[in-house]
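>>> Predicted model and sequence below, questions to follow.
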Amino acid sequence: MTDFSSHLASFCKTFNQKLPELFPLPAGAERRVVEAMFYSLSNGGKRLRPFLVCETAALFGIAPEKSFITAAALECLHTYSLIHDDLPAIDNDDLRRGKPTCHKQFDEATAILAGDGLLTYAFELVCGSQNPFPAETQSRLCSLLADAAGAFGGMVAGQTLDLLSEHDAAAAPQDIITRIEEMKTGRLLRFACEAGAVLGQAGAAEYQALTTYARKIGTAFQIVDDILDVEGSPELMGKTLGKDAQQGKLTFVSLYGLAQARRIAENLIDEALQALSVFDGRAAVLGELARFILNRRS
Ligand code: GRG
């Protein structure tokens with residue numbers, strides 16, 4: 001294991017140990033939806049987004065325990081997107097993180113509600129008394145999170161464009177695919193860096209550098225995901241692969257081919273690393289994370 005992998009593994013262990021504290025089970029029959037929420041949330045996952053929140057905040061001296069609630073909120077929101085993405089009406093997947101998807105393990109209605117529950121809970125966490133930051137910081141985080149997740153240039157907008165791109169010979173495919181990747185996947189990764197910067201009260205130049213870094217790794221992350229959909233291992237990815245081609249989706253791979261898509265991702269990671277130069281070597285972990293995103297197999 002590299003130093004970076006063991007650092008990430010140790011983060012995941014602590015993060016996963018703390019998560020159950022946030023999910024007390026209601027006594028009534030409504031506990032079913034909380035069980036479904038926690039089933040999907042605790043079902044593995046690389047935890048890259050919460051790691052990114054904590055590591056970005058740590059650049060400014062904020063301890064990971066203090067960033068935990070913001071990091072957990074983002075993972076809740078990310079998990080909601082995975083549950084809804086897997087639904088029969090969207091991607092219709094049976095497997096996620098190597099386990100039955102939420103609607104397979106429970107049922108479709110419960111999965112829809114579990115997604116809704118996680119989305120709502122994300123905002124409750126950010127704005128609630130468990131978040132140790134002042135109201136002004138919480139409010140800023142809420143606004144950024146809503147913007148990143150929503151339909152006005154956020155994840156839901158990206159997912160909508162993604163659905164529309166199926167079997168649609170787009171007029172300007174390069175522009176559309178860049179917008180899809182930036183919004184669908186990039187916005188939550190960008191929120192992770194923005195959140196760390198807000199928690200750490202970053203200065204304007206640092207904030208700008210982190211936003212640039214996040215934009216670059218966000219698009220690279222999705223390009224690598226598209227590549228792994230073609231040549232990855234279903235066991236390592238924990239989901240059914242080959243669906244992009246089957247559904248006729250517009251991706252960097254469908255547009256440029258595997259080799260060129262890989263080169264585009266490599267260039268984006270180089271640019272992400274350059275953006276970190278303002279931190280004079282203090283952001284080495286973020287640099288490692290960028291390389292990890294490029295070389296990941298799961
Ligand atoms: C309201 C129906 C409805 C949808 C909400 C579904 C949705 C909007 C957005 C989906 C966005 C989505 C699933 C993007 C894919 C992003 C992506 C590559 C996710 C996988 O991230 P990893 O590899 O997963 O970090 P783990 O399991 O490691 O957390």
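Arrived safely, thanks for sending.
>>> Flag the shaky bits of the protein, pLDDT-wise.
Residues of the chain that meet the criterion pLDDT under 70 lie in 167-172.
>>> Next to the ligand, which bits of it? Give me the list.
Counting by Cβ under 6 Å from any ligand atom, the chain comes close to the ligand at 45-46, 48, 81-82, 84-85, 90, 97, 155-156, 159, 184-185, 222, 225. C-beta coordinates here come from the backbone N, C-alpha and C atoms, glycine included.
>>> Show me what counts as buried in the host helix or strand of residue 266.
Assigned by DSSP states H and E, residue 266 belongs to helix 258-275. For helix 258-275, a neighbour-count test (16 or more other Cβ atoms under 10 Å) marks 261-262, 264-265, 268-269, 271-273, 275 as buried.
>>> Buried by neighbour count, from the residues of the chain next to the ligand: which ones?
For the residues of the chain next to the ligand, buried by 16+ other Cβ under 10 Å: 45, 48, 81-82, 84-85, 97, 155-156, 159, 184-185, 222, 225.
>>> neighbours around residue 232, how many?
Using other Cβ atoms under 10 Å, residue 232 has 19 neighbouring residues.
>>> wait, which of the buried residues of helix 258-275 is closest to the ligand?
The nearest member of the buried residues of helix 258-275 to the ligand, counting by Cβ to the nearest ligand atom, is residue 265 at 13.0 Å.
>>> If we ignore the residues flanking it in sequence, what's nearest residue 56?
Computed as Cβ to Cβ, 6 or more residues apart in numbering, the closest residue to residue 56 that is not its neighbour in sequence is residue 196, at 2.4 Å.
>>> My error: substitute residue 262 in the last question.
residue 227 (6.2 Å).
>>> Name the residues of the one helix or strand the one you found maps to that are buried.
Assigned by DSSP H and E, residue 227 falls within helix 204-231. Across helix 204-231, burial judged by 16+ other Cβ under 10 Å covers 206-207, 209-230.
>>> what's the answer for stretch 140-149, then?
For stretch 140-149, the neighbour count (16+ other Cβ under 10 Å) marks 140-141, 144-145, 148-149 as buried.
>>> likewise stretch 237-257?
Neighbour count says stretch 237-257 has 237-241, 244, 249-256 buried, by 16+ other Cβ under 10 Å.
>>> List the buried residues of stretch 173-192.
Result for stretch 173-192 [16+ other Cβ under 10 Å]: buried residues 173, 176-177, 179-192.
>>> Which of those fall within helices?
173, 176-177, 179-181, 187-192 (DSSP state H).
>>> Let me know the closest of these to the ligand.
Out of those, the member with the shortest distance to the ligand (by Cβ to the nearest ligand atom) is residue 188, at 7.7 Å.
>>> quick one, what contacts residue 44?
97-99, 238 (Cβ atoms under 8 Å, 6 or more residues apart in numbering).
>>> repeat that for 7 Å
97-98, 238 (Cβ atoms under 7 Å, 6 or more residues apart in numbering).
>>> Helix, strand or coil: sort out it for me.
coil (DSSP: H, G, I helix; E, B strand; the rest coil).
>>> Phi first, then psi, for it.
Dihedral pair for residue 44: phi 90, psi -150, per degrees, to the nearest 10.
>>> residues contacting whichever residue of the stretch 151-298 of the chain sits closest to the ligand?
Nearest residue of the stretch 151-298 of the chain to the ligand: residue 159, at 3.7 Å (Cβ to the nearest ligand atom). Applying Cβ under 7 Å, 6+ apart, we find residue 159 in contact with residue 184.
>>> Since that was my last question, I'll sign off now.
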